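Trainee: Just need the structure, nothing else, for what follows:
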Amino acid sequence: MDEMKVTNTIITKMAEATSENGKYNLEYNITDGVLERVQITVYKNAEEEEQPAAIGSIFYDRGSMTANLPYSSDMAQYLADAAECIGTILQEVAAKAAQLSDDSTNHQA
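Mentor: I've put the predicted structure just below:
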């Protein structure tokens, strides 16, 4: 067998976020240092419930956002929270890419 060549490095992370608007479970994929996808499951903020019911989902896919939420007056708040979470992830991915680039440049010198 010839040498095995790695063609992609895919990292999957899972996170939780809470705001005054709701609770969010996030799963996101970073491929070769680029944020590809984020799936956010939205839960209503109900502290008295042990297992809150999911309201819907918000997706980020290569720069586009889509939502599968029932129409309500709270919908804009959930989207704003999701956009903030995605922005944070994008910043983290960019910072990590910059760090790796610096490390690579320093090792070549």
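
Trainee: Please count neighbours and contacts with C-alpha atoms only from this point.
Mentor: OK.

Trainee: Does anything pack onto the lowest-mean-pLDDT helix or strand in the chain? Which helices or strands?
Mentor: Here the helix or strand of the chain ranked lowest by mean pLDDT, DSSP states H and E is helix 75-108, holding a mean of 87. Helix 75-108 is packed against strand 34-44, strand 54-61, with contacts defined by 3 or more Cα pairs under 8 Å, 6 or more residues apart in numbering; DSSP states H and E.

Trainee: Name the residues of the longest one that are buried.
Mentor: Going back to what we said before, that points to strand 34-44. For strand 34-44, a neighbour-count test (16 or more other Cα atoms under 10 Å) marks 35, 37-44 as buried.

Trainee: Can you check what angle separates that strand from helix 75-108?
Mentor: Strand 34-44 and helix 75-108 meet at an angle of 150 degrees, taking axes from the mean of the first three to the mean of the last three Cα atoms, to 10 degrees as the criterion.

Trainee: Bridged to M14, which residues?
Mentor: E27 (DSSP bridges).

Trainee: which residue sits closest to A46 in space, ignoring its chain neighbours?
Mentor: In space, A46 comes closest to P52 once its chain neighbours are excluded; the distance is 6.7 Å by Cα to Cα, 6 or more residues apart in numbering.

Trainee: What strand or helix carries that neighbour?
Mentor: If you go by DSSP states H and E, P52 is not part of any helix or strand.
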